[in-house]
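Asker: please find the sequence and the predicted model below.
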Amino acid sequence: MPIIINVDVMLAKRKMQSQELAEKIGITQANLSILKTGKAKALKITTLEAICNALDCQPGDILEFVKE
């Protein structure tokens, strides 16, 4: 998949647990896990905005494009 979601990297930088992030952004841990593993087929802009707000980062810190 050419789009990589680097939520784990930002969680580690912010020293935050997945459960805490899930609670802050209002999604289940299962859905956050789907995002973290790259199995998500879509990402709502509102969810991306909530992640960036909770982790105090930019969308480019979360999303990365890698050519195949």
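Answerer: Yep, that arrived. Residues are numbered from 1 along each chain as shown.
Asker: neighbouring contacts of stretch 5-12?
Answerer: By Cβ atoms under 8 Å, 6 or more residues apart in numbering, the list of residues contacting stretch 5-12 from outside reads 17-18, 21, 32, 35-36, 38, 40, 43, 51, 55, 57, 61-64. Every C-beta, even on glycine, is put in place using the N, C-alpha and C of the backbone.
Asker: from those, which ones fall inside helices?
Answerer: In this view, these that belong to helices under DSSP state H are 18, 21, 32, 35-36, 51, 55, 61-62.
Asker: among the contacts of stretch 5-12, which ones are buried?
Answerer: Of all the contacts of stretch 5-12 considered here, the ones buried according to neighbour count by 16 or more other Cβ atoms under 10 Å are 21, 32, 35-36, 40, 51, 55, 57, 61-62.
Asker: now for these: which two are most distant?
Answerer: 40 and 57 (18.0 Å; Cβ to Cβ).
Asker: can I get the CA coordinates of whatever helix or strand residue 49 lives in in CSV?
Answerer: The secondary structure element spanning residue 49 is helix 45-55 (assigned by DSSP states H and E). Once non-C-alpha atoms are left out, helix 45-55 reads as follows in CSV (Å, rounded to 0.1, in the frame of the first residue of the first chain):
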residue,chain,number,x,y,z
ILE,A,45,-10.8,14.0,7.4
THR,A,46,-12.5,14.6,10.8
THR,A,47,-10.7,11.6,12.2
LEU,A,48,-7.4,12.8,10.8
GLU,A,49,-8.1,16.2,12.3
ALA,A,50,-8.8,14.7,15.7
ILE,A,51,-5.6,12.6,15.6
CYS,A,52,-3.6,15.7,14.7
ASN,A,53,-5.2,17.7,17.4
ALA,A,54,-4.7,15.0,20.1
LEU,A,55,-1.1,14.4,19.0
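Asker: so which bits of it are buried?
Answerer: Of the residues in helix 45-55, 47-48, 50-52, 54-55 count as buried by neighbour count, 16+ other Cβ under 10 Å.
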